[in-house]
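K.L.:
Show me how the following folds:
(one chain, ligands or ions: 1)
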Amino acid sequence: MRNLSFDPKDLEELTSNAKQIQDDVLEEILTLNANTEYLQRFLHGSTDKELFKKSVPVVTYDDVKPYIERVANGEPSDVISGKPITQFLLSSGTSGGNQKIFPANNKFFEDLNSVFALSSQIISKHIDGVQQGKALPFFFARAQSTTTSGLPVSSAFSSYLLSDYFKNWSSNRFTSPNEVTMCPENKQSMYCHLLCGLVQREEVVSLAAPFASSLVGAITFLENHWKELCSNIRSGHVSEWITDFSCRDSVANILGGPNSELADLLEEECRKKSWNGIITRLWPKTKFIETIVTGQMSQYIQILEFYSNKLPLYSPRYASSESIFGVNVNPLRKPQDVSYTFLPNVSYFEFLSVDDEGNNEGIVDLVDVKLGCFYESLVTNYSGLHRYRMGDILQVSGFHNTAPQFRFVRRKNVVLSVSVDATTEEDILEALNHATLVLKSSDLILMGFTCYVDISTLPGHYVFYWELKAQTTSDVVNLDNKVLVECCCAMEESFNALYRKVRKREGSIGALEIRVVQQGTFDSLMEFFISQGASSSQYKTPICIKSSEALAILEKSVLARFFSDKVPL
Ligand code: AMP
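P.N.:
As a prediction, the model looks like this:
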């Protein structure tokens with residue numbers, strides 16, 4: 001069998017032989033999996049690639065869920081995979097309100113390791129001196145759970161952080177000791193990352209977080225905790241509430257003794273009214289920020305540019321629990337122009353063409369995609385997924401040698417997202433059903449609604465615009481604070497587990513807000529959309545608003561605001 005891992009220096013070779021490598025990958029996967037129960041159903045033991053394309057169906061999570069669950073419940077891996085499944089990755093995508101789990105083996109972590117090394121090599125080719133310093137990481141390895149059969153389950157990035165691959169790779173690259181990254185208590189871990197980063201400020205050449213939302217969350221946390229952090233630096237003593245023993249010990253080591261000079265300097269910067277450029281003021285040698293800023297994360301570009309005085313934002317990779325896809329080989333491109341070069345040795349990739357209406361029109365191989373066209377990717381990986389629909393819409397933006405580069409366009413079906421939460425139209429409608437049940441106890445009826453994600457205040461939060469009508473009187477709407485706050489809570493309670501989980505993390509998602517608008521607002525909104533070309537006979541209020549002009553119409557009609565007053569269970 002070919003060596004499955006790869007060396008970063010192989011990038012040119014890999015991308016020059018994309019067709020052959022993809023062919024080999026498919027052959028290898030079919031040989032490995034020919035006798036799995038899943039493939040037997042369609043191929044009856046054959047490893048013929050043409051037969052694979054003709055007979056193996058394109059699937060979604062619900063199609064493969066029963067097989068995955070059987071392995072999670074203790075049946076042998078070969079229900080789906082010839083290579084033993086060693087753990088499950090918990091994805092941020094949801095299926096019927098539950099987070100999805102994907103089978104994985106070491107190949108995933110080996111690839112991720114290579115991609116990390118590759119990104120680090122790419123960035124040092126473009127920016128001088130990054131190898132000489134350290135990155136301040138906002139990495140959090142969350143506690144793992146286990147399946148009934150005892151296999152570990154956690155998010156892909158957490159699993160990587162917990163693996164030896166990360167431990168071996170990370171030494172000396174980061175200002176935080178591994179004990180901080182491994183600390184299962186999120187708030188303690190965040191505090192200690194910042195403390196270590198501030199103490200070693202002269203060594204910091206970059207800030208890193210997997211997604212931009214976590215980086216923005218870290219700065220918000222800093223805004224709320226800088227006084228305490230500075231006081232720890234002044235006294236040389238870590239706050240008592242840092243109770244995780246190994247985390248506390250390792251941080252105390254880095255803190256060394258009292259340092260009032262550094263504390264004064266940091267306090268002076270943090271006390272300034274504007275936090276414009278705070279990153280470069282606190283960490284003056286920072287040369288770039290490494291975090292994903294494409295797709296849902298693009299909403300954070302502006303705030304990161306504000307905090308960092310427009311340092312380069314390097315969006316390093318496009319990866320998921322199902323597979324790693326590609327790397328960004330042009331780190332200095334504007335975030336809006338980022339594309340990812342697909343790595344042909346990671347999985348077998350196919351592409352479902354998506355026309356403007358979202359209809360699917362045929363499947364092509366990786367090397368046959370056309371410049372400018374839109375596709376949904378299908379993954380066949382080394383751990384049991386075959387022709388799996390990713391639900392991500394991508395556009396071909398160029399080629400690196402023969403490997404295509406894709407711009408991430410959007411996730412299918414997700415309409416609201418602040419962080420890694422992914423709330424679909426279905427989730428929103430379900431939440432509204434719950435809220436309207438609460439409204440029934442009052443005199444009010446919901447006449448119209450729409451929503452958006454407000455990230456002008458941090459952390460970002462979901463905002464619902466509601467037009468209400470009183471049942472008993474024809475005009476004056478009496479807004480009962482208790483009922484409307486309860487509606488906010490009912491919606492949050494109804495959102496999927498991922499939303500509720502992220503909402504519980506400090507600084508990740510703020511309380512959901514209902515903004516009640518004047519009567520007639522939704523008519524004005526309709527007139528606006530029709531004036532923009534929407535069909536008047538088929539007009540539907542958009543569930544989620546993206547246009548700033550439409551938002552302005554809603555905003556100028558806001559009568560009152562209500563926030564949920566508790567974190568959902
Ligand atoms: P998860 O399986 O929870 O890691 O989520 C993977 C999903 O995150 C992908 O399917 C994408 O929708 C999204 N994602 C991952 N990387 C990127 C990226 N570089 N740009 C935009 N979205 C991304």
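
K.L.:
From here on, just use CA atoms for contacts and neighbour counts.
P.N.:
Will do.

K.L.:
Helix, strand, or coil at residue 196?
P.N.:
Using DSSP: H, G, I helix; E, B strand; the rest coil, the three-state assignment for residue 196 comes out as helix.

K.L.:
what's the longest helix along the chain packed up against?
P.N.:
Assignment by DSSP state H gives helix 212-235 as the longest helix of the chain. Packed against helix 212-235 by the contact rule (3 or more Cα pairs under 8 Å, 6 or more residues apart in numbering; DSSP states H and E) you find helix 186-199, helix 260-271, strand 288-292, helix 301-308.

K.L.:
can you do 10 Å?
P.N.:
For helix 212-235, the packing partners by 3 or more Cα pairs under 10 Å, 6 or more residues apart in numbering; DSSP states H and E come out as helix 186-199, strand 204-211, helix 245-255, helix 260-271, strand 288-292, helix 301-308.

K.L.:
Tell me the residues of this protein that contact the ligand?
P.N.:
91-93, 292, 294-295, 317-321, 392, 408, 411 (Cα under 6 Å from any ligand atom).

K.L.:
Go through these and name the one nearest residue 375.
P.N.:
Proximity to residue 375 was ranked across those by Cα to Cα; first place goes to residue 392, at 8.3 Å.

K.L.:
mind checking the backbone torsions on that closest one?
P.N.:
Main-chain dihedrals, residue 392, degrees, to the nearest 10: phi -110, psi 130.

K.L.:
I'd like the distance from stretch 311-326 to the chain centre, please.
P.N.:
What separates the centre of stretch 311-326 from the centre of its chain is 10 Å, taken as Cα atoms, centre = their mean, to the nearest Å.

K.L.:
what about it, average pLDDT?
P.N.:
Across stretch 311-326, the average pLDDT comes to 96.

K.L.:
From start to finish, how long is it in a straight line?
P.N.:
Terminal residues of stretch 311-326 are spaced 23 Å apart (Cα to Cα, to the nearest Å).

K.L.:
Likewise for stretch 500-513?
P.N.:
15 Å.

K.L.:
can I see the domain layout of this protein?
P.N.:
Here the domain assignment for the chain is 8-105+325-411, 128-311, 425-563, based on automatic domain parsing.

K.L.:
residues contacting the most centrally placed residue in the chain?
P.N.:
Centroid-nearest residue in the chain, with Cα atoms, centre = their mean: residue 420, separated by 3.9 Å. With contact taken as Cα atoms under 10 Å, 6 or more residues apart in numbering, residue 420 is in contact with 91-93, 211-214, 296-297, 498-499, 502, 508-509.

K.L.:
What is the nearest of these to residue 532?
P.N.:
Here the nearest of these to residue 532, counting by Cα to Cα, is residue 296; it sits at 25.0 Å.

K.L.:
quick one: the closest one and residue 22, what's the gap?
P.N.:
Taken as Cα to Cα, the span from residue 296 to residue 22 is 29 Å.

K.L.:
ok, back up a step: so which of the residues of the chain next to the ligand are in helices?
P.N.:
Assigned to helices by DSSP H, none of the residues of the chain next to the ligand qualify.

K.L.:
Specify which member of those is nearest to residue 266.
P.N.:
residue 292 (27.7 Å).

K.L.:
Tell me the spacing between the closest one and residue 565.
P.N.:
The gap separating residue 292 from residue 565 is 31 Å, by Cα to Cα.

K.L.:
Just want to know which of these two has more residues nearby.
P.N.:
Using other Cα atoms under 10 Å as the criterion, residue 292 and residue 565 rank with residue 292 on top: 27 against 13.

K.L.:
List the contacts of residue 385.
P.N.:
38, 59-61, 64, 68, 80-81, 102-104, 322-323, 347, 378-379.

K.L.:
Okay, and residue 560 sits in which element?
P.N.:
Using DSSP states H and E, the element containing residue 560 is strand 558-563.

K.L.:
and that strand, what does it pack onto?
P.N.:
For strand 558-563, the helices and strands in contact under the criterion 3+ Cα pairs under 10 Å, 6+ apart are strand 461-470, helix 481-494, strand 513-517.

K.L.:
how about the last one: buried residues?
P.N.:
Same thing as strand 513-517. For strand 513-517, a neighbour-count test (16 or more other Cα atoms under 10 Å) marks 513, 514, 515, 516, 517 as buried.

K.L.:
Now do the third one against the ligand, distance only.
P.N.:
In this case it means residue 515. Distance, residue 515 to the ligand, by Cα to the nearest ligand atom, to the nearest Å: 29 Å.

K.L.:
same question, the second one
P.N.:
For residue 514, the distance to the ligand equals 27 Å [Cα to the nearest ligand atom].

K.L.:
Bridging across strands, which residues link to that residue?
P.N.:
With DSSP bridges as the criterion, residue 514 is bridged to residue 464, residue 562.

K.L.:
rewinding a little: need the contacts of residue 420 in a markdown table with neighbour count, can you?
P.N.:
Output for the contacts of residue 420, formatted as a markdown table (neighbours: other Cα atoms under 10 Å):
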| residue | neighbour count |
| --- | --- |
| 91 | 20 |
| 92 | 20 |
| 93 | 22 |
| 211 | 21 |
| 212 | 28 |
| 213 | 27 |
| 214 | 22 |
| 296 | 24 |
| 297 | 18 |
| 498 | 20 |
| 499 | 24 |
| 502 | 17 |
| 508 | 25 |
| 509 | 26 |
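
K.L.:
Flag every buried residue along stretch 141-156.
P.N.:
141, 142, 143, 151, 152, 153, 154, 155, 156.

K.L.:
what about it, average pLDDT?
P.N.:
90.

K.L.:
possible to save the helices and strands packed on strand 558-563 as CSV with mean pLDDT?
P.N.:
As requested, the helices and strands packed on strand 558-563 are exported to CSV (pLDDT from 0 to 100):
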stretch, mean pLDDT
strand 461-470, 91
helix 481-494, 96
strand 513-517, 96
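
K.L.:
now the helix or strand where residue 404 lies: how far from the chain's centre is it?
P.N.:
Under the criterion of DSSP H and E, residue 404 resides in strand 403-411. Relative to its parent chain, strand 403-411 has a centroid offset of 16 Å by Cα atoms, centre = their mean.

K.L.:
Can you show me the CA trace of it as CSV?
P.N.:
Presented in CSV, the C-alpha positions along strand 403-411 are these (Å, rounded to 0.1, in the frame of the first residue of the first chain):
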residue,chain,number,x,y,z
ALA,A,403,-5.4,20.5,-8.9
PRO,A,404,-8.5,22.7,-8.8
GLN,A,405,-8.8,25.6,-6.3
PHE,A,406,-12.2,26.3,-4.8
ARG,A,407,-13.8,29.3,-3.2
PHE,A,408,-16.1,28.3,-0.3
VAL,A,409,-19.5,29.8,-1.3
ARG,A,410,-21.9,28.6,1.4
ARG,A,411,-23.2,25.8,3.4
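
K.L.:
ok, back up a step: need the winner for burial among the helices and strands packed on helix 212-235.
P.N.:
Burial of the helices and strands packed on helix 212-235 is given as mean neighbour count (mean count of other Cα atoms under 10 Å); strand 288-292 ranks first at a mean of 25.

K.L.:
Now do that one against helix 301-308, angle only.
P.N.:
Comparing the axes of strand 288-292 and helix 301-308 via axes from the mean of the first three to the mean of the last three Cα atoms, to 10 degrees yields an angle of 150 degrees.

K.L.:
Tell me the strands beside strand 288-292, with direction?
P.N.:
Sheet pairing for strand 288-292, using DSSP bridges, gives strand 204-211 (parallel), strand 313-314 (parallel).

K.L.:
Let me know the closest of the contacts of residue 385 to the ligand.
P.N.:
Comparing these against the ligand with Cα to the nearest ligand atom places residue 322 closest, at 6.4 Å.

K.L.:
Go through the one helix or strand residue 117 maps to and flag the buried ones.
P.N.:
If you go by DSSP H and E, residue 117 is part of helix 106-126. With burial defined by 16+ other Cα under 10 Å, the residues of helix 106-126 counted as buried are 106-116, 118-123.
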